[in-house]
Every structure is written in structure tokens, then in C-alpha cells.
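**Q** got a structure for you, letters missing:
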């Protein structure tokens with residue numbers, strides 16, 4: 001049940017808070033978006049550190065309970081609100097698959113992709129050329145391609161990771177949308193291309209930007 005005190009999401013634009021914002025829009029639960037001023041150091045204030053001791057975004061407070069780490073927040077939202085909205089399986093093999101793919105998207109796929117971006121591409125977030133490692137770039141690019149193959153195989157004959165769209169799609173889709181923006185392409189994985197295009201077209205994603 002939705003807690004009468006409501007939900008507050010803390011973040012700033014173009015951060016990991018965006019994937020949580022997307023999930024909240026998909027769920028359609030009432031929430032308040034609190035945009036922190038990074039330049040003013042609001043993420044380092046005692047009040048915010050009481051919510052997220054890491055001083056990073058996102059953080060979420062549901063009722064009186066704080067959460068930090070975007071995947072932990074997504075799992076809380078999925079388990080608490082996703083079932084009744086047909087966005088998260090409640091039990092059995094489908095729930096197990098949802099858990100695995102959600103974590104995979106936010107850890108495996110995103111981690112290798114971003115290390116490839118940092119060392120192998122020229123982007124605003126990449127290391128300076130003299131600080132990059134070619135070996136690191138090549139290794140992480142190889143892992144990124146392997147994971148794209150894993151996702152492409154999963155999406156063979158499926159519109160989304162679990163068949164219908166679910167919150168399990170969000171971490172991987174959010175990672176790849178960021179990666180594509182930075183120049184990490186899908187390198188011809190046609191099932192992934194179709195799936196990501198469908199994710200991009202979701203009204204909830206548009207509302208979260």
C-alpha cells in the first residue's frame with residue numbers, strides 16, 4: 001500500500017536518479033521530485049547525508065524509510081508497487097528472472113560499458129587521452145560486446161526482457177540510452193536495437209527527462 005506520507009525522490013538531471021524517476025512515472029504513484037543543487041553542495045548537507053550517507057544521488061524516502069543506491073530503490077519500488085500495476089512479477093520463475101535481469105542491467109552491462117567509454121571513447125566524461133589505458137579499453141569493449149550478445153539472445157522473440165515491459169527493463173535501457181548518447185553504439189544487435197527503440201518511445205520515459 002502507498003504510505004500516506006508519500007515518496008520523495010532526490011536527484012539532479014542526467015544522473016542515476018533518472019532511472020528511478022522513469023520507474024516512478026511508469027508506476028504512476030504520487031511522488032515529490034526534490035532537485036538538489038550540486039554546485040551548492042546540497043548533496044553534502046547534514047540533512048541529505050542522513051538520507052544517503054554517501055552524499056550521492058539518487059536517494060528516496062518512502063514514508064519515513066530512506067533508501068539509497070538506484071538498484072536498491074528500484075527493487076523496493078518494484079516489490080512494493082509493481083505487482084498491482086503488472087510491472088513486476090510477484091512470485092515464481094518470472095520474479096527470479098526479473099530480479100536477475102534488473103541487477104544485470106545496472107551492474108554488468110552498465111559497468112563494462114562505462115569503462116569502455118572512459119578509456120576507449122572521446123566524450124565529456126572520458127579520461128584525458130594520456131590517462132587512458134588501451135588494454136582497459138579493449139577488455140571492456142570486448143565484455144560490452146559479449147553482454148550485448150547476451151541481451152540480443154534474450155530478446156529473440158520477445159518485445160521486452162520478460163515479454164511485456166517491466167521495471168526489469170529500466171536499468172539496462174537507461175544504461176544504453178546514456179551509452180548511445182556518449183557514442184557507445186549497439187554494433188548491429190538488431191534485437192537490442194528494436195527493444196531500445198520501444199523503450200525510448202514510452203511516455204513515462206519522456207516524462208522523466
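**A** Sure thing, it's come through. Remember, it's a predicted structure, so these values are computed and weren't measured experimentally. Numbering: from 1, shown residues only.
**Q** quick one: buried residues of stretch 185-196?
**A** Within stretch 185-196, the residues that count as buried by 16 or more other CB atoms under 10 Å are 186, 189, 191-193, 195-196. Where C-beta positions appear, they are placed from N, C-alpha and C, glycine not excepted.
**Q** residues making contact with it?
**A** Contact with stretch 185-196 is made by 145, 148-149, 151-153, 155-156, 158-161, 169, 173, 176-177, 180, as judged by CB atoms under 8 Å, 6 or more residues apart in numbering.
**Q** try 10 Å
**A** Residues from elsewhere that reach stretch 185-196 (CB atoms under 10 Å, 6 or more residues apart in numbering): 141, 144-145, 147-161, 165, 169, 172-173, 176-177, 179-180.
**Q** what about that stretch, how long is it end to end?
**A** 12 Å (CA to CA, to the nearest Å).
**Q** One more: stretch 176-190?
**A** 14 Å.
**Q** if we can go back for a sec, which members of the contacts of stretch 185-196 are positioned in helices?
**A** Within those, residues falling in helices by DSSP state H are 141, 144-145, 147-154, 172-173, 176-177, 179-180.
**Q** Give me the distance between the nearest residue to residue 86 once chain neighbours are set aside and residue 89.
**A** Nearest non-adjacent residue to residue 86, counting by CB to CB, 6 or more residues apart in numbering: residue 164, 7.5 Å away. Note on residue 164: its distance to residue 89, by CB to CB, to the nearest Å, is 10 Å.
**Q** again, but for residue 60
**A** Residue 60 is 22 Å from residue 89, by CB to CB.
**Q** swap in residue 122?
**A** The value you get for residue 122 to residue 89, if CB to CB is used, is 41 Å.
**Q** just residue 32 next, same as before
**A** For residue 32 relative to residue 89 (CB to CB), the value is 28 Å.
**Q** Looking at these two, which one has more neighbours?
**A** Applying other CB atoms under 10 Å to residue 32 and residue 89 shows that residue 89 carries more neighbours, namely 19 against 10.
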